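S.K.: Okay, sequence plus prediction incoming.
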Amino acid sequence: MEPVEHKKNLLVICGGQSGEHEISLLSAVTVLRNLDPEKYLVRIVGITKEGRWLLADSTERIADGSWRQSETRAFLLPDASEKALLICHKDGRTEKWPVDVALPVLHGRFGEDGTIQGLFELARIPYVGCGVAASAVGMDKLYAKVLVNAIGVTQARYIALTQKEVEDAPAACDKAEAVLSYPMFVKPCDGGSSQGVSKVTSREALPAALRLAAQYGTRVMVEENITGRELECAVLDTPDGPKASGVGEILAAAEFYDYDAKYTNPASETNVAPVLPDGKKDEIRDAAVRIFKAVGGKGLARVDFFLENGTGRVIFNEINTFPGFTSISMYPKLWEAAGVPIRTLLDKLIENARLSL
């Protein structure tokens, strides 16, 4: 008779202090509703925009926002010998809940940038997703570009500006115009979900776009405009190495795939089986895996590309080390199209995390 495997204590963390707080909650609801209750005992911690860690009683409290009224605080203990969550009840009682695996369903700064991953490492708690360095590199578009350039993958031309450089608008505009022509894209180096991103068609509009981007990150990137199809590929780490899904296409309802087009405009569409020229799907899948390896990826990532009109060039855009898991997100949809439903996908991610530390 085979031994019965006990349920794993799974800590799901969502919310966070980034501009992607609400998207994190949407992703978490999808994840929580698709976890196998026969395999996991789940505790949910929501992080408010102010940084308070609150224990949520249920998925529905995450969905309706009532978790923010919770009076039960939670803290991840940094003591590696404990590997536990400290739960502080409103009546003064405390309990330690041992954590087998953490699943940080967090997007953006303080969740996808290596910071919370460092806390998991300190506590020696296995966690789903990329490690400290890969998360930091993936979050910072400038560092990602440096690494991708080293492996010879084509990407758009760009310049980077510090916050101080952005304050001197004429000099910043001169620096951008010395390398790039209009239109240009302006974006925060370390932002996500296309927040703070602008398409600029003239010098007059550039200073305002730079200031907007600076509100969402520590540095600003000005990038060459690429006209073409927006394509994405999901990467999943496996015991045999990272594997790429098929290629999906974004059909944005706006001029470019900004925050509204991604999450609030129902006219935006995703296609998990686009028709592409011969060889392009394999080229994208190969590049996605190479980029994942170059940044030191672990667990999962979504790698985004353009297929340039006219030239047919595959051009790297960015890597997301914890992609969205909402009901319309490309990452789970691509794996579902490849025969891996979301419940199985979550099982694989959690098991790989459990074995990796």
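M.R.: Ah, there it is.
S.K.: Next, the residue nearest to Thr227 when sequence neighbours are not counted: phi, psi?
M.R.: If the residues on either side of it in the chain are set aside, Thr227 comes closest to Asn309, at 5.1 Å by CB to CB, 6 or more residues apart in numbering. From N, CA and C alone the C-beta is placed, and that goes for glycine too. Asn309 has phi and psi values of phi -60, psi 140 when expressed as degrees, to the nearest 10.
S.K.: wait, doesn't Asn309 sit right on Pro277?
M.R.: No. Asn309 lies out of contact with Pro277 (CB atoms under 8 Å); the separation is 11.8 Å.
S.K.: Return the set of buried residues in the helix or strand in which Glu336 is found.
M.R.: Taking DSSP states H and E as the criterion, Glu336 maps to helix 330-337. Neighbour counts over helix 330-337 (16 or more other CB atoms under 10 Å) mark 330-335 as buried.
S.K.: and it, how far out from the chain's middle?
M.R.: On the basis of CA atoms, centre = their mean, to the nearest Å, helix 330-337 sits 15 Å off its chain's mean C-alpha point.
S.K.: elements contacting that helix?
M.R.: strand 228-236, strand 243-251, strand 300-308, helix 342-356 (3 or more CB pairs under 8 Å, 6 or more residues apart in numbering; DSSP states H and E).
S.K.: let's go with 10 Å and repeat that
M.R.: helix 21-34, strand 228-236, strand 243-251, strand 269-271, strand 300-308, helix 342-356 (3 or more CB pairs under 10 Å, 6 or more residues apart in numbering; DSSP states H and E).
S.K.: Name the residues linked to Phe306 by a beta bridge.
M.R.: Legend: beta-bridge partners of Phe306 under DSSP bridges are Glu230, Ile315.
S.K.: Where does pLDDT dip in the stretch 51-200 of the chain?
M.R.: 191-194 (pLDDT under 70).
S.K.: where do the strands sit along it?
M.R.: Under the criterion DSSP state E, counting those that start in this stretch, strands of the stretch 51-200 of the chain are mapped to 53-56, 73-76, 84-88, 94-98, 101-105, 158-162, 184-188, 198-200.
S.K.: For Lys145, which of these is the nearest?
M.R.: Nearest of these to Lys145, taken as CB to CB: strand 158-162 at 6.6 Å.
S.K.: which helices and strands does that closest one pack with?
M.R.: helix 141-150, helix 169-179, strand 184-188, helix 206-214, strand 219-224.
S.K.: how about that strand as PDB, C-alpha atoms only?
M.R.: What follows is strand 158-162, C-alpha atoms only, in PDB (Å, rounded to 0.1, in the frame of the first residue of the first chain):
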ATOM      1  CA  TYR A 158      17.100  52.800 -26.600                       C
ATOM      2  CA  ILE A 159      18.600  55.200 -24.200                       C
ATOM      3  CA  ALA A 160      18.200  55.300 -20.400                       C
ATOM      4  CA  LEU A 161      17.800  58.400 -18.200                       C
ATOM      5  CA  THR A 162      18.100  59.000 -14.500                       C
END
